[in-house]
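Peer 1: model the structure of this input:
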Amino acid sequence: MPGFYKHPNALVDDGASIGPGTRVWAFAHVLKGAVVGRECNICDHTFIEGGARLGDRVTVKCGVYLWDGVVIEDDVFIGPCVAFTNDLRPRSKQYPAQLLKTVVGQGASLGANCTILPGLTIGPWAMVGAGAVVTRDVPPHALVVGNPARARGWVCRCGARLDPQSGPALACSCGLHFRYNPETGVLAPEPNP
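Peer 2: Numbers count the residues shown, from 1 in each chain. So this is what the prediction gives:
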């Protein structure tokens, strides 16, 4: 298949859309209807169902299963064994009329073994700690950890932790600037001065 690399032990069904420069490694299975963007890295022992959508430059580490209704935006990192779900009330041989949509925003990072409940949005550039259980939406740039996952701070696009205690205007050592609104609890990027 032109444009992307498929390991000899990977399965990519006819009708799956794989972008150029993407690598699909051993024992990965991409089903018909799945969309995987450009320059992604789909590691060993992964599964991408037909209704899943991945943007460009996404990394999916080993042992991750992306089900129908999961939408992964550009530049997302999904750590080993991250668990996605798409049905709040699963029963064997009973199928919901509509599966819930889960969106992971641009640049977000999901730590190893975290669990993402269905129907949630992980905001752009957010970071979910290893082993966290995400039961509600995560704001952009938030750092969440624990079970259930709770916000414990903010992170820059580069991944460095930011300190809102220093005031509403925050600068990262990488040169990016942010403004924290304590009334809304939202951290937003702002133009560099």
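
Peer 1: please count neighbours and contacts with C-alpha atoms only from this point.
Peer 2: OK.

Peer 1: G19 and E73: what is the separation?
Peer 2: Distance, G19 to E73, by CA to CA, to the nearest Å: 14 Å.

Peer 1: sorry, that was for P189
Peer 2: According to CA to CA, P189 and E73 sit 19 Å apart.

Peer 1: between those two, which is the more surrounded one?
Peer 2: Neighbours per residue, other CA atoms under 10 Å: of P189 and E73, the larger number sits with E73, 21 against 17.

Peer 1: that one reaches G105, doesn't it?
Peer 2: Yes: between E73 and G105 a contact is recorded at 5.3 Å, counting by CA atoms under 8 Å.

Peer 1: can you give me the end-to-end distance of stretch 69-88?
Peer 2: Stretch 69-88: ends 13 Å apart by CA to CA.

Peer 1: what's the average pLDDT for that stretch?
Peer 2: Taken as a whole, stretch 69-88 has a mean pLDDT of 96.

Peer 1: and what of stretch 122-133?
Peer 2: Rounded mean pLDDT across stretch 122-133 is 97.

Peer 1: how far is that stretch from where the chain is centred?
Peer 2: Centroid separation between stretch 122-133 and its chain, computed with CA atoms, centre = their mean, to the nearest Å, is 8 Å.
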